[in-house]
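Asker: dropping a prediction and its sequence here:
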Amino acid sequence: MSNLTTDAVTSVSFSDFPEDVQLCILSFLTPSEIATFACTSKRFLSLCTSDSKLWFTLCDRRWGSKTQIKKWGSGKITYRLLYRTLIEWENLIGFWRRSGQVTLGVASPPLIFFEWCPSFIIGSRVSPSRLGTYHVIKAPFLCMSITPEGETMNFLDPDGKIESSEDFVNAVQAGFLENDVIPVHVSFMGKNHVVVEENLSFTSLNSQEPKNTGFRRSSSSGNVRAEDIGVVEDMIGAESGSPGSLPDRFMSEIYQYFANRTSPGGERASRRQRKREKARQGRRKWMPEHFVKIVNCSPTPSRPLQGLWKGISDDKNLYFFLVAYDDIGGIACRTIGDSSKPLSGYSPVFWTSKTTFLEAPFSPEEEYLYDSRIHLRPLATADHIHGHHPLTENEVVSHILCINSSYDLVIPDLAGTSANPRDVEGRIWLYESGTFGFGFLRNHFIVDLKHIAQHGCLLEAMELCSDLC
């Protein structure tokens with residue numbers, strides 16, 4: 001009986017599974033692995049080249065829970081082209097920090113957050129609110145979408161005139177903001193560096209001329225998965241001259257250039273080009289901006305302090321804090337602020353080279369250090385009782401870590417040097433809720449930190465509007 005059962009099990013092959021099960025299994029493979037599998041038989045070749053079956057399944061399994069796959073490209077784009085674009089764009093999702101100088105005259109928060117939307121990706125500038133609360137302001141400034149032909153269209157709002165991501169996309173698609181937004185290139189310089197620069201060769205949204213819409217991949221990106229897609233196109237018989245490929249764009253630009261010079265309608269096209277150039281010269285030039293990805297923006301069990309946090313400081317304003325672990329186990333915290341102000345763009349707060357936490361039960365001295373301090377909280381939620389907040393009314397402390405003040409040790413002139421080592425000593429109180437607070441012995445405050453985002457969503461986010469400016 002056991003032999004019969006074994007023979008029955010071993011006789012089942014991949015071909016015996018229903019097609020939907022086969023597609024589900026294949027969706028877990030990489031494009032190069034699918035290309036290899038497609039070479040095994042004509043039947044599997046047909047299955048692997050099916051755009052509406054396999055390539056849709058690939059897109060839906062990877063991004064179906066984050067965006068609406070069938071709405072991209074107005075629902076007309078092939079899923080193979082969509083996969084090729086989204087496989088690189090998905091690395092944008094999350095937090096980025098602006099690096100270097102900004103365009104003159106543009107007030108731009110350095111923290112950027114990219115997120116999935118129904119049929120596009122939105123990049124928003126994120127800044128602390130000025131309301132004395134934990135709310136953060138989200139101002140959409142970059143919209144990335146794709147045409148039915150597979151061309152990407154990227155538009156940037158330099159002045160922050162658009163208040164919501166939906167308004168941004170609707171206005172761009174309708175062509176209402178052609179004079180207010182800037183077409184841009186989004187260039188990937190590896191996985192953690194992006195450059196956004198103006199697309200000077202972009203044509204009108206309503207023009208019938210070939211468009212250079214604003215996406216290009218750096219030769220130094222080293223994106224293996226993008227190369228895998230190229231292998232699939234060669235190995236499973238996908239058309240080599242697919243719409244939106246780089247050779248087609250270059251050829252269309254060359255053709256357009258000579259056509260404008262020799263064809264009867266070339267003079268009209270030339271006048272349109274001069275008109276567009278004149279309009280561009282009349283507005284402020286957009287300088288390229290560089291962004292670096294914040295890779296470790298969330299805590300982990302082994303690194304509970306790591307990530308992006310927000311907290312009310314002693315001046316009653318909300319600040320963003322970035323806590324990072326180095327390669328030798330040290331911890332450093334910096335603020336992420338307005339880079340146009342001295343020492344505020346990426347200012348150090350605290351550091352420590354000793355990451356061993358004190359565990360309960362704590363000494364009477366440590367309990368007094370915590371009990372005697374004032375928790376800095378939004379005015380609407382703070383409980384002022386003679387300036388004291390008993391331990392039972394606050395978070396339950398699970399661990400304590402000793403830290404040093406970076407302001408005194410790294411930038412002595414900022415806070416003044418001191419012969420008393422207790423003036424530069426501080427504590428981190430790790431709470432059972434997973435958040436933490438920090439403070440220094442030289443004062444009587446605790447800055448309680450909260451998450452900026454969780455599970456890919458901004459917490460307590462407010463759309464930018466005139467009354468918050």
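Answerer: In hand now; what should we look at?

Asker: what pairs with the helix or strand hosting Ile137, parallel or antiparallel?
Answerer: Per DSSP states H and E: Ile137 is located in strand 136-146. Strand pairing for strand 136-146, determined by DSSP bridges: strand 121-128 (antiparallel), strand 152-156 (antiparallel), strand 461-463 (parallel).

Asker: so which of the ones you listed gets nearest Ser145?
Answerer: With C-beta to C-beta, the closest approach to Ser145 among the strands paired with strand 136-146 belongs to strand 152-156: 5.2 Å. For glycine as for every other residue, the C-beta is placed from the backbone atoms N, C-alpha and C.

Asker: stretch 293-310 - what's its average pLDDT?
Answerer: Stretch 293-310 carries an average pLDDT of 93.

Asker: do the same with stretch 361-369
Answerer: Mean pLDDT, stretch 361-369: 94.

Asker: got a list of contacts for it?
Answerer: Here stretch 361-369 makes contact (C-beta atoms under 8 Å, 6 or more residues apart in numbering) with 358, 391, 397, 400, 427, 441.

Asker: return the members of these classed as buried.
Answerer: Burial by neighbour count, judged by 16 or more other C-beta atoms under 10 Å, picks out 397, 400, 427, 441 from the contacts of stretch 361-369.

Asker: from the residues you listed, which is closest to His451?
Answerer: Nearest to His451 out of the buried ones among the contacts of stretch 361-369 is Val397 (C-beta to C-beta; 18.2 Å).

Asker: beta partners for that closest one?
Answerer: Following DSSP bridges, Val397 is listed with bridge partners Tyr431.

Asker: and what of the one 5 residues further on?
Answerer: Taking DSSP bridges as the rule, Cys402 bridges to Arg427.

Asker: I'd assumed Val424 was in contact with it.
Answerer: No. Counting by C-beta atoms under 8 Å, Cys402 stays clear of Val424, with 11.2 Å between them.

Asker: more crowded one of those two?
Answerer: Regarding Cys402 and Val424, a neighbour count based on other C-beta atoms under 10 Å identifies Val424 as having more, with 21 against 15.

Asker: excluding chain neighbours, what is closest to Phe37?
Answerer: Leaving aside its sequence neighbours, Phe37 sits nearest to Phe44 (C-beta to C-beta, 6 or more residues apart in numbering; 6.1 Å).

Asker: and the helix or strand containing that neighbour, which residues are buried?
Answerer: Following DSSP H and E, one finds Phe44 within helix 42-48. Applying a neighbour-count criterion of 16+ other C-beta under 10 Å, one finds 44-45, 47-48 buried in helix 42-48.

Asker: got CSV for the residues you listed, with distance to Pro158 and pLDDT too?
Answerer: Output for these, formatted as CSV (distance: C-beta to C-beta, whole Å; pLDDT from 0 to 100):
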residue, distance to Pro158, pLDDT
Phe44, 50, 87
Leu45, 49, 88
Leu47, 47, 88
Cys48, 44, 88
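
Asker: widest-spaced pair of those?
Answerer: Across the buried residues of helix 42-48, the longest distance by C-beta to C-beta is 7.3 Å; it joins Leu45 and Leu47.

Asker: between the two, what contacts are shared?
Answerer: Shared contacts of Leu45 and Leu47, defined by C-beta under 8 Å, 6+ apart, are found at Ala38.

Asker: in the protein, mark out all the helices, start to finish.
Answerer: Under the criterion DSSP state H, helices of the chain are mapped to 2-10, 19-26, 31-38, 42-48, 56-63, 79-89, 165-174, 224-235, 246-262, 266-281, 364-371, 406-409, 412-415.

Asker: mind checking how far Leu358 is from Ser405?
Answerer: From Leu358 across to Ser405, the span is 19 Å (C-beta to C-beta, to the nearest Å).

Asker: tilt between the strand holding Ile137 and helix 79-89?
Answerer: With axes from the mean of the first three to the mean of the last three C-alpha atoms, to 10 degrees defining the directions, strand 136-146 sits at 140 degrees from helix 79-89.

Asker: mean confidence for strand 136-146?
Answerer: On average, the pLDDT along strand 136-146 is 91.

Asker: kindly report the same for stretch 327-343.
Answerer: 73.

Asker: try stretch 15-29
Answerer: 89.

Asker: follow-up on the earlier one: wait, the residue nearest to Phe37 touches Ala38, no?
Answerer: Yes. With contact defined as C-beta under 8 Å, Phe44 reaches Ala38; the gap is 5.7 Å.

Asker: Leu23 against Thr57, yeah?
Answerer: Yes. Between Leu23 and Thr57 a contact is recorded at 4.6 Å, counting by C-beta under 8 Å.

Asker: thinking again about what came up before, and which of the contacts of stretch 361-369 is nearest to Lys450?
Answerer: Nearest to Lys450 out of those is Val397 (C-beta to C-beta; 16.1 Å).
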